[in-house]
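*Asks:* A structural model of the following input is requested.
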Amino acid sequence: MFGDRLVSAEDWTWFQQLTISILTRRFGFSWTSEDLFSEGQTIVFSDVLRLDVGSTVLYEDITNERKKIVKTLEEKQEDYKIATNDKMDLVFFEMACAHILHLCRILR
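*Replies:* Predicted structure coming up:
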């Protein structure tokens, strides 16, 4: 989640290299940047599936919960429409969901 707060490509490259260096040094892994950070390899932690539970932020691994994520975001969109009388029809494709989850972690 530290990586969520990085704002430039240079910062992100530094973070990737640091992560690989620590994993290699501490655990003896010989992974590459592509092994850990390529598209489809992303591990997602969020509290978005538990927003109605309370104010405690409890991140959980939701990497394999794509359908639940989309359903939750669609429900929140409907709540917004009802509360504001605005028509906002968003399409929650994979990259959009990733950006929304990213923003949720940053803003919390």
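
*Asks:* for the rest of this, base every contact and every neighbour count on C-alpha atoms.
*Replies:* OK.

*Asks:* need the contact list for the residue located most distally from the centre of the chain.
*Replies:* When distances are taken from the C-alpha mean of the chain, N85 lies farthest, 28.5 Å away, according to CA atoms, centre = their mean. Listed by CA atoms under 8 Å, 6 or more residues apart in numbering, N85 has no contact partners.

*Asks:* how about the strands in this structure?
*Replies:* With DSSP state E as the criterion, the chain has strands at 45-46, 60-61.

*Asks:* can you say which of the ones you listed is packed in most?
*Replies:* strand 45-46 (a mean of 18; mean count of other CA atoms under 10 Å).

*Asks:* that strand: how far from the chain's middle?
*Replies:* 6 Å (CA atoms, centre = their mean, to the nearest Å).

*Asks:* what's in contact with it?
*Replies:* M1, L58, Y59, E60, D61, I62, T63, L101, C104, R105.

*Asks:* strand partners (parallel or antiparallel) of it?
*Replies:* strand 60-61 (antiparallel) (DSSP bridges).

*Asks:* ok, E10 - how many residues close by?
*Replies:* Residues near E10, counting by other CA atoms under 10 Å, number 10.

*Asks:* with the one 4 residues further on instead?
*Replies:* W14 is surrounded by 12 other residues when neighbours are defined as other CA under 10 Å.

*Asks:* ok, now L73?
*Replies:* Using other CA under 10 Å, L73 has 20 neighbouring residues.
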